[in-house]
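Provided below for reference: sequence and predicted model.
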2 protein chains.
Amino acid sequence: AGDAEAGAKKIAVCVACHGKDGKATAPIYPNLAGQSAQYLESSLKAYKAGERGGGMAAMMTPQAQNLSDEDIADLAAYYSSQEP
Amino acid sequence: AGDAEAGAKKIAVCVACHGKDGKATAPIYPNLAGQSAQYLESSLKAYKAGERGGGMAAMMTPQAQNLSDEDIADLAAYYSSQEP
């Protein structure tokens, strides 16, 4: 599983849309706070693999491709640990 | 926008994975409670259009294809209105 504390140091690129606390800054972005870490990892990996289109995929795919699997696990742990 | 009360009558196919209250029944499924309705609609429409792969897309795509845009709006309103 990921390390939420390590994840906290990697959220710079995420906060503009998902917030520091995982509450979306606009309704078109998903809230991530309290989401299941396993689901967050699976979504980020789907973006990274180019398997997800629609919605904000044009934005998320390149972001995810900059992330290692460890980054993905840490970010998922961080946002999952936020209070919904 | 969708009608949450109408949506409550359409959740039969969703509850096995997403729960009646929008709390996922297993960590591989996303929690939907309190998620933004606009994001839920955009995700369901992406599945319906076959734009989303990865994760549980093989399950979600046929489910979404059974839904009208009105069903999608109502389901999004219902789950968004659930307490996270």
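Yes, it's here. Numbering: from 1, shown residues only, chains lettered A, B, ... in the order given.

going forward, measure contacts between C-alpha atoms and count neighbours the same way
Fine.

my read: A:A26 touches A:C17, true?
Yes. The pair A:A26 / A:C17 is scored as a contact, 7.0 Å apart, by CA atoms under 8 Å.

How about the residues of chain A by chain B?
A:27-31, A:35-39, A:42-43, A:46, A:51-55, A:84 (CA under 8 Å from any CA of the partner chain).

Repeat the analysis, applying 10 Å as the threshold.
A:23-24, A:26-47, A:49-57, A:83-84 (CA under 10 Å from any CA of the partner chain).

so which strand or helix has A:Q38?
Here A:Q38, judged by DSSP states H and E, is contained in helix A:37-48.

again, but for A:G22
Counting by DSSP H and E, A:G22 is found in no helix or strand.

distance of it from chain B?
In this view, A:G22 and chain B are 11 Å apart by CA to the nearest CA, to the nearest Å.

what about that residue, distance to A:Y79?
Taking CA to CA, to the nearest Å as the measure, A:G22 falls 6 Å from A:Y79.

More neighbours: which of those two?
For A:G22 versus A:Y79, neighbours defined as other CA atoms under 10 Å in any protein chain shown are more numerous around A:Y79 (28 against 23).

If we ignore the residues flanking it in sequence, what's nearest that one?
Sequence neighbours aside, A:A33 is the residue nearest to A:Y79 in space, at 5.2 Å (criterion: CA to CA, 6 or more residues apart in numbering or on different chains).

Can you give me every residue that contacts the residue nearest to A:H18 when sequence neighbours are not counted?
In this structure, A:H18 finds its nearest non-sequential neighbour in A:A24, 4.3 Å apart by CA to CA, 6+ apart. If a contact means CA atoms under 10 Å, 6 or more residues apart in numbering or on different chains, then A:A24 has A:15-18, A:30-33, B:35-36, B:39 as its contacts.

Give the residue farthest from the middle of chain A.
Here chain A reaches farthest from its C-alpha mean at A:G54, the gap being 16.5 Å by CA atoms, centre = their mean.

Now for the nearest residue to A:K23 once chain neighbours are set aside, how many residues are close by?
Spatial nearest neighbour of A:K23, excluding adjacent residues (CA to CA, 6+ apart): A:N31 at 4.8 Å. Counted with other CA under 10 Å, the neighbours of A:N31 add up to 24.
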